[in-house]
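K.L.:
Here is my input, please return the structure:
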Amino acid sequence: MFIVDHFFSALAYVVNIVLNTYMWIIIVRALLSWVNPDPYNPIVQFIYRITEPVLRPIRNALPTHQIGLDLSPMVAILAIYFLQMFLVPVLRDIGRLA
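P.N.:
Below you'll find the predicted structure:
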């Protein structure tokens, strides 16, 4: 059973790293929106391409056009924090119970 324990512990660790990295990419995307970067820069294109599938549905669900402020990065970061506080410990606990 130690293999299952180590598997879920490693999975929890990797999920935590992926969520943390994605959160930082969203923060960089929000900061880039303040400086108006070159849209043809490959790094900027990568950041936009990787964050847009998450931010677009949030942006469509929020009435941001009325206030003129894009709150989708903040909502996405809160969702990532929720996943880090809920999903990662659940995966660790599954590993301990197995």
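K.L.:
Past the helix or strand of the chain with the lowest mean pLDDT, which element shows up next along the chain?
P.N.:
Of all helical and strand segments in the chain, the minimum by mean pLDDT, DSSP states H and E falls on helix 64-67, at a mean of 73. Using DSSP states H and E, the helix or strand that follows helix 64-67 in sequence is helix 72-97.
K.L.:
pLDDT on that next one, on average?
P.N.:
For helix 72-97, the mean per-residue pLDDT is 93.
K.L.:
Can you give me the buried ones in that helix?
P.N.:
Across helix 72-97, burial judged by 16 or more other CB atoms under 10 Å covers Ser72, Pro73, Val75, Ala76, Ile77, Ile80, Leu83, Val88, Leu91, Arg92, Ile94, Gly95. The way it works is simple: take the backbone N, C-alpha and C, and place the C-beta from them, glycine included.
K.L.:
now those residues as a markdown table including distance to Phe8?
P.N.:
A markdown table is the format used below for the buried residues of helix 72-97 (distance: CB to CB, whole Å):
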| residue | distance to Phe8 |
| --- | --- |
| Ser72 | 32 |
| Pro73 | 30 |
| Val75 | 29 |
| Ala76 | 26 |
| Ile77 | 25 |
| Ile80 | 20 |
| Leu83 | 16 |
| Val88 | 11 |
| Leu91 | 5 |
| Arg92 | 7 |
| Ile94 | 5 |
| Gly95 | 3 |
